[in-house]
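A.B. asks: generate a structure from the sequence data that follows.
(chains A, B and C)
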Amino acid sequence: MPELPEAETIARGLDGQVRGRRLLAARCLRKGICERKVRYPVGARVASVRRRAKKVLIHFDDGTTLLVSLGMSGQVRPRPAGPLPKHTHLLLTFEGAEFVYVDPRRLGRLAPPREATTMLAPAEEVARWCEERLGPDAVDVGWPAFREALARRRGALKPLLLNQRVVAGIGNIYADEILHRAGIHPRARPADLPEAALRRLHRATRTVLRRAIRANGTTFRDYVTPTGARGDFGKLLAVYGREGERCRRCGAAVERLRWPPGRSTWYCPGCQPEPEEI
DNA sequence: GACGATGTTGGCAC
DNA sequence: GGTGCCAACATCGT
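C.D. replies: Now for the predicted structure:
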């Protein structure tokens, strides 16, 4: 679930609740997701909480930044009264507010993806790490940068949209929604498309992500934001997960592809015609 | 109980 | 460089 809109929702929620407050304690409960030995900046105040692509960045006023990669099921939520929720891996205690990092599938890291050390580093170091691996941020990329990111790329559009080095922040749900809104088939290749289609794709990218942010993201299972709210974008999904249901725009039955490998893609054959075979 | 899905990412082979 | 396969995990539906 955590794609760009969910990360944005988490970052905004945290920012509103902890900015200016001191970190009083941090307790890592599962090595490998966070790091028990790392010295969290206890005593430092939160300067801001921001988002880059699908990652949440907690900036402290001592110059350090904590990078949160949410993986498939990572959540940051208020600590409930009583026992810690199942799969709580980190407890963050701020002045007047306490949060848990919960991640059942354990694919997230309080660090870069798949690295078992906490990335709690000088802000510039974290920023450099991000810039080396991430393309322009999908929600605010301008048209020239968007076109440039896709120019000369050979592959099909859906895998390109999922590639964080091409455009950063889009995952499986929003890739399908964006392609549907743009009326482009997921297997179409950017080089074969007229510029007008790429412009539609650019506009659709920004529109879909902005709407999802406005709805606080898409809630699967028990995802909640740091303020405890649920994401409402699920009701607005046009194709994702709607195999066999009617397209809200043209009435055709939504289809599902088992592709790219290991994933699924939903699209509307009426709105998103097959690309011409070469 | 088995099997096959699931929002991410990175490494590998071809 | 593109593509496919696998891995890391727990959980849920059939």
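
A.B. asks: interface residues of chain A facing DNA strand C?
C.D. replies: Contacts of chain A with DNA strand C, taken as CB under 7 Å from any atom of the strand, map to A:32, A:72, A:86-87, A:104-107, A:114, A:153-156, A:159, A:221, A:259-262. C-beta: built from backbone N, CA, C; applies to glycine.

A.B. asks: packing partners for the helix ranked longest in chain A?
C.D. replies: Across chain A, the longest stretch assigned as helix under DSSP state H is helix A:195-214. Helix A:195-214 sits against helix A:4-18, helix A:143-150, helix A:172-182, with contacts defined as 3 or more CB pairs under 8 Å, 6 or more residues apart in numbering; DSSP states H and E.

A.B. asks: what are the contacting residues of the helix or strand just after that helix?
C.D. replies: Downstream of helix A:195-214, the first helix or strand assigned by DSSP states H and E is strand A:255-257. Identification of contacts with strand A:255-257 by CB atoms under 8 Å, 6 or more residues apart in numbering yields A:186, A:243, A:264-269.

A.B. asks: show me where pLDDT drops low in the stretch 151-278 of chain A?
C.D. replies: Under the criterion pLDDT under 70, the flagged ranges of the stretch 151-278 of chain A are A:221-222, A:277-278.

A.B. asks: go again using 80 as the cut-off
C.D. replies: A:219-224, A:276-278 (pLDDT under 80).

A.B. asks: for it, what lies in contact range of DNA strand B?
C.D. replies: A:162, A:164, A:171-173, A:219-221, A:223, A:258, A:262-264.

A.B. asks: for the stretch 151-278 of chain A, which residue gets nearest to DNA strand C?
C.D. replies: Using CB to the nearest atom of the strand, the single residue of the stretch 151-278 of chain A nearest to DNA strand C is residue A:155, 2.6 Å away.

A.B. asks: contact partners for that residue?
C.D. replies: Listed by CB under 8 Å, 6+ apart, the contact partners of residue A:155 are residue A:189.

A.B. asks: what do you get for residue A:22?
C.D. replies: If you count contacts by CB under 8 Å, 6+ apart, then residue A:22 has A:43-45, A:94-95 around it.

A.B. asks: same check, this time on residue A:265
C.D. replies: Applying CB under 8 Å, 6+ apart to residue A:265 gives the contacts A:158, A:172, A:175-176, A:186, A:256-257, A:259.

A.B. asks: and if we set it to 7 Å?
C.D. replies: The contact partners of residue A:265, by CB atoms under 7 Å, 6 or more residues apart in numbering, come to A:158, A:176, A:186, A:256-257, A:259.

A.B. asks: just checking, residue A:192 touches residue A:274?
C.D. replies: No: the pair residue A:192 and residue A:274 fails to qualify as a contact (CB atoms under 7 Å) at a distance of 11.8 Å.

A.B. asks: ok so, going back, narrow the contacts of residue A:22 to those that are buried.
C.D. replies: Buried members of these, counted by 16 or more other CB atoms under 10 Å: A:45, A:94.

A.B. asks: from the contacts of residue A:22, which is closest to DNA strand C?
C.D. replies: For the contacts of residue A:22, the minimum distance to DNA strand C (CB to the nearest atom of the strand) is 27.0 Å, reached by residue A:94.

A.B. asks: tell me the phi and psi of the closest one?
C.D. replies: Per-residue torsions, residue A:94: phi -110, psi 170 (degrees, to the nearest 10).
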